[in-house]
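Chemist: Just to be clear, the model below is a prediction. Sequence and coordinates:
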Amino acid sequence: MDRGYQKIFWGIFLATFNIKFGNVKIVPAFVGWMVVLSAISILQDSHNKVAFEKSERYTKYLILLSLIGSLLDLFGGHSLNRLIIFSYYPVILYVVELLMFYEILNGTISLLESKVPDDIPTAINSKEIIYKQRTYIKLQIISIIGFIISITTYSELLITVTALFAIIVRIYAMSIMSGLKKFFLNFDQGQSNDIQPPL
Amino acid sequence: MENERILKQGLILILSLLLISLIVSFYLRLDEPVFLKVYKEMELPINKSSYYVENQLNIKYITNIYDTRLVTHVEFQEVPGLIVSASSRNPMFFSMFNNNQGIPGKNVGRYSIRPIYIWMDAYNVENTGDDIRITKAKVHFDNGDTIEADIGEVIFYAYENRPKHLDFMSGGGSSDGTHNTELEVTEDITLIKVEDSLLSQLDNFVEIKINDTDYVNISGMELKAGERLNIFSKFHILEGIEANMYDYDIHPKLQYEDSEGNVYTYRFRNVDYSRHGFDFMEILRFLKARGEI
């Protein structure tokens, strides 16, 4: 399971800090989301499929939408900017990302509830993830609102502030993933140590 | 679950905001560039060779910020024979930095104010002695679009000899549209009138005083050799956002006669007003007043 969360961490990392070579992105955002998709399948293998089913679906939407966005960017260029509808395209991506991450955390909460007993104090429990999920939802909603207002007003200052804020939200999401990775790494080791040889 | 409730509320908020933003964006969109008019008189060597780069006219237009078209050519069909070259960039302005980068202009909110630099050569224009007047421009863009635009009124007049009775002493102006010119009278003269075709159109907001007398009342004013002639001008653009956004530069003709009764004309050039920097609300008010949005 720690591998799953570690992969989500790197997936978000790739989607956030995509490397540009001139005008062409070497690693476009959708590659990052593909990494997240493969990570979700790891989590599904080690837990029940249903819990992560929705997050898998949203990740697929996100890959498709990012891919379309990248292609439009590459071939449409400036002329697409003249279509007002397209100027709001990133907002849809951010909304799907919010839903995807919300569902990943929902799956994680059910995973923690089934694997970690309530009565044993552990480094991470489902309550803590519920709390972090709430913070993430709020932060991501603020950043989406920021984007909508920036796109509408074309305020350079607001665009810069919102973009920075969005990166901070992604880093927050990454920090949750890295915490889960560490927790499950120790947890799995602890569990295997706990197994006593039969007498 | 509380988180689900927050998510749903957030999504509703996002959706409503998106809808409002789309409506606002469509409402504020300009179908075509809107030209800021110029009311200008300029000396243009007509039917004479001249130093081409001096005959420059700048006009501005407001367009959507995402409009990436550049102006490649401008035609003034009212003046046959006028050779015109135009560009969105000012090739005379060499910049080491940011040269030919991006689209020239100043972005204000969803709009951008773009310049057009126009150079003219009137060598092939027939000199009939009358002023040459342009009010319309056919503007060509690099994507093949053409726009017929009202550009206000620009009057070209042929070179006139400066009469010898008035010597320029000093002149100055301030950004509020106030200008002062001080001339010295070298021979006895009697003022007749101030005449200008643009001035009569702009009469309600241009104030011109000659030696503290309103220009319409100067007829018969006598000036002795050695006396000073002061020309004061001010633009009173207080009401009407439209007039406020335009550029003005008029060169009225002061007519006078010498002691022998010969009539002379002196053009003075200190009546101008030009806006620099617009805020978004001003542009909105202007576009609404023009009926563009």
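Modeler: Right, received. Where do you want to start?
Chemist: Check which residues of the helix or strand containing residue A:61 are buried.
Modeler: If you go by DSSP states H and E, residue A:61 is part of helix A:53-76. Across helix A:53-76, burial judged by 16 or more other C-beta atoms under 10 Å in any protein chain shown covers A:54-56, A:58-63, A:65-67, A:69-70. Glycine gets a C-beta too; all of them are placed from N, C-alpha and C.
Chemist: what residues does chain A put near chain B?
Modeler: With C-beta under 8 Å from any C-beta of the partner chain as the criterion, chain A meets chain B at residues A:78-79, A:81-82, A:84-85, A:87-88, A:91, A:95, A:98, A:102, A:130, A:133-134, A:137-138, A:141, A:144-145, A:148-149, A:151-156.
Chemist: Which of those are buried, as a ChimeraX select command?
Modeler: Per 16+ other C-beta under 10 Å, the buried members of the residues of chain A next to chain B correspond to this ChimeraX selection:
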select /A:84,87,88,91,95,98,102,130,133,134,137,141,144,145,148,151,152,153,154,155
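Chemist: How about residue A:39: what's its closest non-neighbour residue?
Modeler: Distance criterion C-beta to C-beta, 6 or more residues apart in numbering or on different chains; nearest residue to residue A:39, sequence neighbours excluded, is residue A:7 at 3.3 Å.
Chemist: Now do stretch B:118-132, average pLDDT.
Modeler: If you average the pLDDT over stretch B:118-132, you get 84.
Chemist: Any figure for the gap between residue A:176 and residue B:5?
Modeler: Distance of residue A:176 to residue B:5, given as C-beta to C-beta, to the nearest Å: 21 Å.
Chemist: ok, residue A:106 - contacts?
Modeler: By C-beta atoms under 8 Å, 6 or more residues apart in numbering or on different chains, the residues touching residue A:106 are A:51, A:54, A:55, A:133.
Chemist: want to try TSV for those, with distance to residue B:141 as columns?
Modeler: Output for those, formatted as TSV (distance: C-beta to C-beta, whole Å):
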residue	distance to residue B:141
A:51	56
A:54	49
A:55	48
A:133	51
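Chemist: out of these, which one sits closest to residue A:113?
Modeler: residue A:51 (9.7 Å; C-beta to C-beta).
Chemist: which parts of the stretch 51-200 of chain B sit against chain A?
Modeler: B:64, B:65, B:66, B:67, B:68, B:107, B:109, B:110.
Chemist: Would you point out the most distant pair within those residues?
Modeler: Across these, the longest distance by C-beta to C-beta is 17.3 Å; it joins B:68 and B:109.
Chemist: for residue B:265, phi and psi?
Modeler: phi -130, psi 130 (degrees, to the nearest 10).
Chemist: can I assume it is in contact with residue B:255?
Modeler: Yes - in this structure, residue B:265 is within contact of residue B:255 by C-beta atoms under 8 Å, at 5.5 Å.
Chemist: what residues are shared contacts of the two?
Modeler: Residues touching both residue B:265 and residue B:255 (C-beta under 8 Å, 6+ apart): none.
Chemist: ok, which stretches of the stretch 151-293 of chain B are strands?
Modeler: Under the criterion DSSP state E, counting those that start in this stretch, the stretch 151-293 of chain B contains strands at B:166-173, B:178-185, B:189-195, B:206-210, B:213-214, B:222-223, B:228-235, B:247-250, B:253-258, B:263-267, B:271-273.
Chemist: Likewise for chain A?
Modeler: Secondary structure of chain A (DSSP state E): strands at A:20-21, A:24-25.
Chemist: what is the mean pLDDT for the first one?
Modeler: The pLDDT scores in strand A:20-21 average 66.
Chemist: in chain A, which helix has the most residues?
Modeler: If you go by DSSP state H, chain A has its longest helix at helix A:156-194.
Chemist: what helices or strands is that one leaning on?
Modeler: helix A:2-16, helix A:89-115, helix A:126-153 (3 or more C-beta pairs under 8 Å, 6 or more residues apart in numbering or on different chains; DSSP states H and E).
Chemist: Tell me which of the ones you listed sits nearest to residue B:275.
Modeler: Each of the helices and strands packed on helix A:156-194 has some distance to residue B:275 by C-beta to C-beta; the shortest is helix A:126-153, at 22.4 Å.
Chemist: residue of the stretch 151-293 of chain B with the smallest distance to chain A?
Modeler: In the stretch 151-293 of chain B, no residue comes nearer to chain A than residue B:280, which is 8.5 Å away by C-beta to the nearest C-beta.
Chemist: Was I right to think that residue contacts residue B:108?
Modeler: Yes - assessed by C-beta under 8 Å, residue B:280 is found in contact with residue B:108 at 5.2 Å.
Chemist: and those two? which has more neighbours close in?
Modeler: The neighbour count for residue B:280 versus residue B:108, taken as other C-beta atoms under 10 Å in any protein chain shown, is higher for residue B:108 (19 against 15).
Chemist: right, and the more buried one touches residue B:284 too?
Modeler: No - the criterion here is C-beta under 8 Å, and residue B:108 misses it with residue B:284 at 9.8 Å.
Chemist: Report whether the longest helix along chain B contacts chain A.
Modeler: Counting residues, the longest helix found in chain B (DSSP H) is helix B:2-28. Yes - on the criterion C-beta under 8 Å from any C-beta, helix B:2-28 is in touch with chain A at B:2-3, B:6-7, B:10-11, B:13-14, B:17-18, B:21-22, B:24-26.
Chemist: pLDDT added to the contacts of residue A:106, as TSV?
Modeler: Formatted as TSV, those follow (pLDDT from 0 to 100):
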residue	pLDDT
A:51	77
A:54	92
A:55	94
A:133	96
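Chemist: show me where pLDDT drops low in the stretch 151-293 of chain B?
Modeler: Applying pLDDT under 70 to the stretch 151-293 of chain B flags residues B:238-239.
Chemist: swap that for chain A, please
Modeler: Counting by pLDDT under 70, the ranges of chain A that qualify are A:19-26, A:76-82, A:118-119, A:191-199.
Chemist: chain center to the longest helix of chain B, what's the gap?
Modeler: Relative to the chain's own centre, helix B:2-28 is displaced by 43 Å; criterion: C-alpha atoms, centre = their mean, to the nearest Å.
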